[in-house]
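Enquirer: Pasted the sequence and its predicted model underneath.
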Amino acid sequence: MAWEKVHFFFGDERYVPHTDPESNCLLAKKALFEPLQIAPSQVFAVDTALDPAEAAQQYTQTIEHYFGQKEARFDLVLLGLGDNSHTASLFPHTPVLHEAAAGAKEVFVEEKQAYRITLTAPLINQAQAIAFLVYGADKAAAVQRVLTAERHVEEFPAQLITPVSGELHWFLDGAAAAQLPDERK
């Protein structure tokens, strides 16, 4: 892989300093960027030193600046899935689920009592490819709800992820796929 040609953005970030163990940026740095010797200029992190609304607005501007006059369309968006059917920081019953603009948005997550900055579903859905990476038995019920239940994005926010013209892939281990009907496996 020609890693020097790859640029990294974050689907979401916890509103903590980049040195905090809860930081997605710190996790990615330790698990991916440092081992692969990714240059800092290739990484576009959310500025969590700003207040949440400013951080989201600035991240939207960073993305828009990167893409210039073209529509912001990532080549690949990697997503996980929470046991409550959230993805990125699109949590159940939060106002960001109704965001129509393609960009980043701050969201206060009641169950976590914390802010997060997330890409909106419209921005994620512009990607050329979207891949969910889900493993573990604790995710099986969420996978089943998102993929087979009637559409109800307030309860199952990952159902918002429906690419406009790109591809959607789900990569599941056996435990995460355990509650799916046989024809969906």
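Expert: Good, I have the coordinates.

Enquirer: I'd like to know how far Ala149 sits from Lys70.
Expert: Distance, Ala149 to Lys70, by C-beta to C-beta, to the nearest Å: 36 Å. Where C-beta positions appear, they are placed from N, C-alpha and C, glycine not excepted.

Enquirer: hang on, I meant Leu32
Expert: 26 Å.

Enquirer: Among the two, which residue is more densely surrounded?
Expert: Leu32 (13 against 8; other C-beta atoms under 10 Å).

Enquirer: so what's the more buried one closest to, chain neighbours aside?
Expert: Leaving aside its chain neighbours, Leu32 sits nearest to Ile38 (7.0 Å; criterion: C-beta to C-beta, 6 or more residues apart in numbering).

Enquirer: Ala121 too?
Expert: In space, and not counting its chain neighbours, Ala121 is closest to Leu160: 3.9 Å by C-beta to C-beta, 6+ apart.

Enquirer: Check what contacts stretch 81-91 and list those residues.
Expert: 11-13, 79-80, 92, 96-97, 107, 109, 111, 116-119, 121, 124, 132, 134, 138-139, 141-143, 145-146, 155-161 (C-beta atoms under 8 Å, 6 or more residues apart in numbering).

Enquirer: Okay then, goodbye and thanks.
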